[in-house]
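In: give me the fold of what follows.
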Amino acid sequence: MMNSYLTTKRWLVYMLICTHFLVGCVTTGSSGGTQVGPKSSSSYDEETIAIVMPKLDVIIPVFDPGLDDDELEEGVWPELRRAEANRFAYKLKQALDNTGEFGAVRVTPDSTASGDLYVLGQIDESDGEDVEFDLTVVDISGKQWLDTSFEHEVQETFYDNHRNTGQDPYDPVFKQAAIAIVKALKKRSMTELDNLKYIADLQFAASFNDTAFAEYLDSEHTPIKLIAKPSDEDPLLKRVQAIRVREQLFVDNLQQNYRSFSQNIDDSYLNWQEASFRENQLQSEARIESIWKAVAAVALIGAAIAVAANGDDSYSGDMARDAAVIAGGIGGAVLIAGAFKSNEEAALHQDAVDELGDSINLELEPQVISFENESVKLTGNIQEQFVQWRAFLKRIYEQESTPDRAL
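Out: So this is what the prediction gives:
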């Protein structure tokens, strides 16, 4: 009995020892070391090291609506174009966000906001059927990445597909533009992109104190070149970087305004696009019908005149000729009347499009912005508020300046 007890006890001890050994093997692995935390340098293979490219922050100022007060094109409505200038900038922001290739993508009132890459757009055409805009992409150093136009023609099949209900028929042109910008990005080296991040910081700093940071940049030529990098512990740079974060927070808050505006006009705008597309189609058909009727009328009347000029002197010939002339004249008159009617229909369709365009107005409400213990009341439109906010940040910079460094 005692031997059986001792044997059982020995087996339990052996099992505990084996269990401890196996746990140690699982924890440490055959090569030793821990499974958590940074790995040793010898455990990396050069081919397995992923190069993390710096992600640029993108600024998209509200598009230029392309309005010329002196020569306003027929069918262009200022209110609608100004609404589109905001909407197009926000749609492009969404397209760039969807690529996952950039950092923060922000719509701003103008191009003075701080960022690494700027996308400047101007609307050339937008009538529900055809859309075209110009894009200029330039980085903070002033180097131009892209300068081209993007266009898209909406097909009738878009509205025939029920899956497109609630979708913007212009979406493909924004996706096309985003792809082109990404292609331009891929041509840049990691060093170039990293330098742009430094230049953006220094350019922002120079907007508050241009002399303090002049030694780091060669700003006399375009593109701007980075001469040297300031210390990360530079107190003046750290102070400006903190203020830059405040500006970015302010611009981030503005995104809600642009998003809300785009969402608020979404239903009306999509209805305008489809109605304008339909009206343009009908107008085109009416004009084509008018042209063909006019051509046929001219041909018929011309034939009648030819018959009258070349008829013989016989009585029967006179009757046939007169009948042909009368028939041709009546037929031509009917066709001309039809042509005028088609032109009237085209004008009615144009009037319908005009009314649709006039139904959309751009309204952006003023705001009051607060940050931590600082607050400022901003008035006017968003662009005016942004200027006031920058002046407010300037005051903060001056108040926080330390006496150990000349300003």
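
In: could you look up the SS state of Leu120?
Out: Of the three states, Leu120 takes strand under DSSP: H, G, I helix; E, B strand; the rest coil.

In: separation between it and Ser219?
Out: 20 Å (Cβ to Cβ, to the nearest Å). From N, CA and C alone the C-beta is placed, and that goes for glycine too.

In: repeat that for Glu398.
Out: Taking Cβ to Cβ as the measure, Glu398 falls 23 Å from Ser219.

In: the two: which has the busier surroundings?
Out: Ser219 (19 against 11; other Cβ atoms under 10 Å).

In: ramachandran coordinates for the residue nearest to that one when sequence neighbours are not counted?
Out: Leaving out its chain neighbours, the residue that sits closest to Ser219 by Cβ to Cβ, 6 or more residues apart in numbering is Ala206, at 7.9 Å. With angles defined as degrees, to the nearest 10, Ala206 sits at phi -70, psi -20.

In: what's the burial count for Ala206?
Out: Other residues within reach of Ala206, judged by other Cβ under 10 Å, total 17.

In: what sits against it?
Out: Taking Cβ atoms under 8 Å, 6 or more residues apart in numbering as the criterion, Ala206 is in contact with Phe213, Ala214, Leu217, Ser219.

In: widest-spaced pair of those?
Out: Longest distance between any two of the contacts of Ala206 is 9.8 Å, between Phe213 and Ser219; criterion Cβ to Cβ.

In: hang on, the earlier thing: how much space between the residue nearest to Ser219 and Tyr118?
Out: Applying Cβ to Cβ to Ala206 and Tyr118 gives a distance of 17 Å.

In: do Asp134 as well
Out: Distance from Asp134 to Tyr118, by Cβ to Cβ: 14 Å.

In: so which of those two has more stuff around it?
Out: More neighbours surround Tyr118 than the other of Asp134 and Tyr118, with 19 against 16 (other Cβ under 10 Å).

In: in this structure the more buried one contacts Leu56, no?
Out: No. Look at Tyr118 against Leu56 with Cβ atoms under 8 Å: they stay out of range, at 10.1 Å.

In: which residues do those two both contact?
Out: Here Tyr118 and Leu56 share the contacting residues Asp139, scored by Cβ under 8 Å, 6+ apart.

In: quick one: residues contacting Tyr258.
Out: Tyr258 touches Asn86, Ala89, Tyr90, Lys93, Val107, counting by Cβ under 8 Å, 6+ apart.

In: which helices and strands sit right next to the helix or strand containing the third one?
Out: Pointing back at Tyr90 there. Assigning secondary structure by DSSP states H and E places Tyr90 in helix 78-99. Packing partners of helix 78-99 (3 or more Cβ pairs under 8 Å, 6 or more residues apart in numbering; DSSP states H and E): strand 58-61, strand 105-108, strand 117-126, helix 171-186, helix 235-264, helix 266-310, helix 315-358.

In: quick check: buried residues in it?
Out: 80-96 (16 or more other Cβ atoms under 10 Å).

In: what sits closest to Lys93 if chain neighbours are left out?
Out: Val105 (4.9 Å).

In: ok so, going back, lowest average confidence across the helices and strands packed on helix 78-99, which one?
Out: Comparing mean pLDDT over the helices and strands packed on helix 78-99, the weakest stretch is helix 315-358, at a mean of 51.

In: care to break the protein down by domain?
Out: 58-265, 270-358 (automatic domain parsing).

In: so which of those domains gets nearest Glu384?
Out: Closest among the domains of the chain, using Cβ to Cβ: domain 58-265, at 8.4 Å.

In: re the thing from before, output the helix holding Tyr90 as PDB, nothing but the C-alphas.
Out: Provided in PDB are the C-alpha atoms of helix 78-99 (Å, rounded to 0.1, in the frame of the first residue of the first chain):
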ATOM      1  CA  PRO A  78     -24.100  82.200 -59.300                       C
ATOM      2  CA  GLU A  79     -25.900  80.800 -56.200                       C
ATOM      3  CA  LEU A  80     -25.700  77.200 -57.500                       C
ATOM      4  CA  ARG A  81     -22.000  77.600 -58.500                       C
ATOM      5  CA  ARG A  82     -21.100  78.900 -55.100                       C
ATOM      6  CA  ALA A  83     -22.800  76.000 -53.500                       C
ATOM      7  CA  GLU A  84     -21.000  73.700 -55.800                       C
ATOM      8  CA  ALA A  85     -17.700  75.300 -54.900                       C
ATOM      9  CA  ASN A  86     -18.100  74.100 -51.400                       C
ATOM     10  CA  ARG A  87     -19.700  70.800 -52.300                       C
ATOM     11  CA  PHE A  88     -17.000  69.900 -54.800                       C
ATOM     12  CA  ALA A  89     -14.200  70.600 -52.300                       C
ATOM     13  CA  TYR A  90     -15.900  68.300 -49.800                       C
ATOM     14  CA  LYS A  91     -16.500  65.600 -52.400                       C
ATOM     15  CA  LEU A  92     -12.800  65.600 -53.300                       C
ATOM     16  CA  LYS A  93     -11.900  65.400 -49.600                       C
ATOM     17  CA  GLN A  94     -14.000  62.300 -49.300                       C
ATOM     18  CA  ALA A  95     -12.400  60.700 -52.400                       C
ATOM     19  CA  LEU A  96      -8.900  61.400 -51.000                       C
ATOM     20  CA  ASP A  97      -9.900  60.100 -47.600                       C
ATOM     21  CA  ASN A  98     -11.100  56.900 -49.200                       C
ATOM     22  CA  THR A  99      -7.600  56.200 -50.800                       C
END
